[in-house]
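Novice: Sequence first, then the predicted structure, then my questions.
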Amino acid sequence: MSPDNAPAPAYVIDPAGGCPHALNARLRARGPVADVVLPGGVPGAVVLGHEALKEFLAHPDAAKDARHFPSLHDGTIPPNWPLRAFANAQGMHTSDGADHRRLRSLVGNAFTARQVERLRPRIEELTAGLLDDLGRVAAEAPDGVADLRTHFALPLPMSVICELLGVDPEHRGRLHHLSHTVITATDTTPAEAMAAVRELVELMGTIAAARREKPGDDLTSALIAAREGDGDRLSEAELIGTMRLMLVAGHETTLNLISNAVRALCTHRDQLALVQESKATWSDVVDETLRWDGPVSWFPFRYPTRDLTVDGTVIPKGTPVLAGYTAAGRDEAFHGPDADRFDITRPTAARNLSFGHGAHYCVGAPLARLEAVIALEQLFTRFPDLDLAVPEPELPHQHSFIGNSVESLPVRLAGR
């Protein structure tokens, strides 16, 4: 990369990740795009500024297909590169143009605002049941503490997406472990990552086979029918890749979104009071959480199909580029000088980029928003004095530079 002024040294990404905001601020102060060294010593870049990221995400010359990443194929990068799973995945998130439109159209109808709204009663029912469970866990614990991630923020979106996909309950725990290993835990060894990818693909194949043998009223059965019908067809790899994308994106991000929103509200009681006093909405909370502490930090990959100038910085053709969502969310140039402050009345909050922008805008965004709104409203209605059981700085952050949340979220339902 060659900015107009002298280039800063490339930042060497720590696979163990951690809270990204201080790092984002340092890198963003240098400019809207930064050179990085990916795990494994692979040179890359991250786009950090709001306007720069918005431009890059929608740029026609920023591709998702890894055939535009020469180093992946010419022997420069070893076969066991831990991030290869992101580049090699097949599905709408790694395709462009007509292929992307074809794959997206096969799942898009399940995630329209109208279709998602039909899921509201079931999401409300699941939420109420999980809050009953959370209350029992806290009541039975000697210290009255329950892990909100384990007993609420995880099983809600996991149950919803698995019901949509037709995944039997016995697979759900293993699926979360594998998806977390492959996607979120970027400090895993190459061998662990590759083994998890293989098992995840095999398990997805098992689920697809079950639905092929006994079709149901679920998205997997619909994808198989589309694949085996006379219309648009999915290859086996595309089927498995699409299922994997739906499963992982359908629960990991919402898990983090709910967790981060609860953390933010517990440490900003004045903002929680605004909602409880009907001076703001739960949708406002979701928007500001997405901006202020989004569920995904630096997400791989896009590849310029030519040398691309983004906000005055040239990103060379074929560079693997990360989308710096958490960095863009606190960009003072766009969100104002108080961008580090959690403020659910912020006018720019709804214009955050956490679900992407352009053709690859997250197809599941309406579902994630609905789940988060229902989860937060029911949680704080049932337990209005809920609070963190430990000081927020002591919460263990995810070992990831991709996912952005904490590993656990111990809470007391009746406050401190």
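Specialist: Received the coordinates, thanks. If you're wondering where the values come from, they're calculated on a predicted model, not measured in any experiment.
Novice: What ranges in the stretch 101-250 of the chain fall below the confidence cut-off?
Specialist: Where the stretch 101-250 of the chain drops to pLDDT under 70, the residues are 184-185, 227-232.
Novice: Just give the closest residue to Ala16, not the sequence neighbours.
Specialist: The shortest distance from Ala16 to any non-neighbouring residue, by C-beta to C-beta, 6 or more residues apart in numbering, is to Asp187 (4.4 Å). For glycine as for every other residue, the C-beta is placed from the backbone atoms N, C-alpha and C.
Novice: which SS state does Leu134 fall under?
Specialist: Under DSSP: H, G, I helix; E, B strand; the rest coil, Leu134 falls in the helix class.
Novice: From Leu395, how far out is it?
Specialist: Applying C-beta to C-beta, to the nearest Å, the value for Leu134 to Leu395 is 18 Å.
Novice: Who has more neighbours out of these two?
Specialist: Leu134 (24 against 18; other C-beta atoms under 10 Å).
Novice: In contact with the more buried one, which residues?
Specialist: 146, 148, 151-152, 413 (C-beta atoms under 8 Å, 6 or more residues apart in numbering).
Novice: Same check on Arg212?
Specialist: Counting by C-beta under 8 Å, 6+ apart, the residues that Arg212 touches are Ile224.
Novice: For it, grab phi and psi.
Specialist: phi -70, psi -40 (degrees, to the nearest 10).
Novice: can you check Thr309 too?
Specialist: Taking degrees, to the nearest 10, you get phi -90, psi 120 for the backbone angles of Thr309.
Novice: That one and Val36, how far apart?
Specialist: In terms of C-beta to C-beta, Thr309 sits 18 Å off from Val36.
Novice: now swap in Glu140 and tell me
Specialist: In terms of C-beta to C-beta, Glu140 sits 46 Å off from Val36.
Novice: Can you pick out the residue with more neighbours from those two?
Specialist: Val36 (23 against 9).
Novice: So what sits opposite the more buried one in the bridge?
Specialist: Tyr11, Gly44 (DSSP bridges).
Novice: re earlier: from the contacts of Leu134, which land in strands?
Specialist: Applying DSSP state E to the contacts of Leu134, the entries found in strands are Ala146.
Novice: Of the contacts of Leu134, which is the most crowded?
Specialist: Leu148 (27 neighbours).
Novice: if I read this right, that one contacts Arg412, doesn't it?
Specialist: No - counting by C-beta atoms under 8 Å, Leu148 sits too far from Arg412 to count as a contact (10.3 Å).
Novice: that older thread, in CSV, list the contacts of Leu134 along with distance to Leu178.
Specialist: CSV is the format used below for the contacts of Leu134 (distance: C-beta to C-beta, whole Å):
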residue, distance to Leu178
Ala146, 25
Leu148, 23
His151, 21
Phe152, 21
Leu413, 31
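Novice: Nearest to Glu407, out of the contacts of Leu134: which one, please.
Specialist: The nearest member of the contacts of Leu134 to Glu407, counting by C-beta to C-beta, is Leu148 at 12.0 Å.
Novice: Now that closest one: closest residue in space, sequence neighbours ignored.
Specialist: Nearest to Leu148 is Leu409, by C-beta to C-beta, 6+ apart, at 4.3 Å.
Novice: Can you report how many residues neighbour that neighbour?
Specialist: Neighbours of Leu409 (other C-beta under 10 Å): 26.
Novice: what's the distance between it and Gly329?
Specialist: Relative to Gly329, and taking C-beta to C-beta, Leu409 is found at 20 Å.
Novice: returning to that earlier point: near the residue nearest to Ala16, how many other residues are there?
Specialist: Neighbour count of Asp187, defined by other C-beta under 10 Å: 17.
Novice: what about it, distance to Ala10?
Specialist: 20 Å.
Novice: Give the phi and psi angles for Ser408, as a check.
Specialist: According to degrees, to the nearest 10, Ser408 has phi -140, psi 160.
Novice: Make sure it is actually in contact with Leu395.
Specialist: Yes - when contacts are counted by C-beta under 8 Å, Ser408 is listed as touching Leu395 (7.1 Å).
Novice: Now the strand or helix carrying Gly173: buried residues?
Specialist: In the assignment (DSSP states H and E), Gly173 maps to helix 172-179. Buried residues in helix 172-179, counted by 16 or more other C-beta atoms under 10 Å: 172, 175-176, 178-179.
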